[in-house]
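**Q** model the structure of this input:
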Amino acid sequence: MVQETKLKKKPDYDEEAFHVFFTPSEEGGKAKRGLLTVAQKEVDCCEIPTPTNAVKAETLAISIQIEGRAYIAVNIYVPCDSVTTAEVWKLLINPLLMLGPRVIISGDLNARSPMWGDTAHNKNGKALEEALPGIHGVIINNDGPTRIAERAGDSDSCIDLTLVTPSVLLQVHWKLLPLMGSNHRPAISAVQHPRTSNSRTKRNA
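**A** Sure, this is the predicted structure:
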């Protein structure tokens, strides 16, 4: 999942190899940066609608079938200093967490707080801190800065966050990767599907 693609047209990926889900960037009063989610063709997935929100947040959600269970993956971008109250964060995030029983929200929230590994606060981050007790999900970041500073006077930050519903908290393993052509480090959210009672019985036999 990629945010701020700045692409106005759908990228020309091999459609026989990949599912490509895309929202274009737009200019003007309600500027959008663009979102991109790509899945391998053998993955059983489809795009689903996301709730409208009162801020300029961009969202793109897909439903993924894994061994007969649906997981919802939400790609999200929140502009800097656009969600400055706890109530607005709750109105933005909770409806996304209610898209299904197993939801993973990942993207650039532009929210800084030591609570999830940053060294500073910003307006988005302070408001998200206050909102967390009323948000029906958990931030699973656990491995340092996600954005590396490039400008003089700037500092590394942890603004790319992943939230999950409690139902998958123990199944999703989060890990940062080295930089790959951007100053935002890619993150992996690996889902370990729970064993069924039958599979445990077979392993113990």
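
**Q** count of neighbours near His86?
**A** Not quite, residue 86 is Ala, not His. A count of neighbours around Ala86, defined by other Cβ atoms under 10 Å, yields 18. Heads up, the C-betas are built off the backbone N, CA and C, glycines and all.

**Q** ok, it touching Asn124?
**A** No - using Cβ atoms under 8 Å, Ala86 is not in contact with Asn124, being 11.0 Å away.

**Q** output the contacting helices and strands for the helix or strand harbouring Ile64.
**A** Assigned by DSSP states H and E, Ile64 falls within strand 58-66. Here strand 58-66 touches strand 18-23, strand 35-40, strand 44-48, strand 69-77, going by 3 or more Cβ pairs under 8 Å, 6 or more residues apart in numbering; DSSP states H and E.

**Q** which one of these lies nearest to Lys8?
**A** Among these, the nearest to Lys8 by Cβ to Cβ is strand 18-23 (10.3 Å).

**Q** what sits up against the closest one?
**A** Defining contact as Cβ atoms under 8 Å, 6 or more residues apart in numbering, one finds that strand 18-23 is touched by 7, 10-11, 13, 32, 34-41, 43, 45, 47, 58, 60, 62, 75.

**Q** could you tell me the angle between it and strand 35-40?
**A** Between strand 18-23 and strand 35-40, the angle comes out at 170 degrees (axes from the mean of the first three to the mean of the last three Cα atoms, to 10 degrees).

**Q** give me the angle between strand 18-23 and strand 58-66.
**A** Computed with the same axes, to 10 degrees, the direction of strand 18-23 lies at 150 degrees from that of strand 58-66.

**Q** mind listing what's buried in strand 18-23?
**A** Buried residues in strand 18-23, counted by 16 or more other Cβ atoms under 10 Å: His19, Phe21, Phe22, Thr23.

**Q** from Asn142, how far out is the last one?
**A** Going back to what we said before, that points to Thr23. According to Cβ to Cβ, to the nearest Å, Thr23 and Asn142 sit 29 Å apart.

**Q** in this protein, which spans are strands?
**A** Along the chain, the segments classed as strands by DSSP state E run 2-3, 18-23, 35-40, 44-48, 58-66, 69-77, 103-108, 138-139, 160-164, 172-176, 187-191.

**Q** JSON lines for these, including distance to Glu129 and mean pLDDT?
**A** Output for the strands of the chain, formatted as JSON lines (distance: least, Cβ to Cβ, whole Å; pLDDT from 0 to 100):
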{"stretch": "strand 2-3", "distance to Glu129": "22", "mean pLDDT": "90"}
{"stretch": "strand 18-23", "distance to Glu129": "28", "mean pLDDT": "91"}
{"stretch": "strand 35-40", "distance to Glu129": "25", "mean pLDDT": "92"}
{"stretch": "strand 44-48", "distance to Glu129": "29", "mean pLDDT": "94"}
{"stretch": "strand 58-66", "distance to Glu129": "21", "mean pLDDT": "94"}
{"stretch": "strand 69-77", "distance to Glu129": "18", "mean pLDDT": "95"}
{"stretch": "strand 103-108", "distance to Glu129": "17", "mean pLDDT": "96"}
{"stretch": "strand 138-139", "distance to Glu129": "10", "mean pLDDT": "95"}
{"stretch": "strand 160-164", "distance to Glu129": "12", "mean pLDDT": "95"}
{"stretch": "strand 172-176", "distance to Glu129": "19", "mean pLDDT": "88"}
{"stretch": "strand 187-191", "distance to Glu129": "20", "mean pLDDT": "86"}
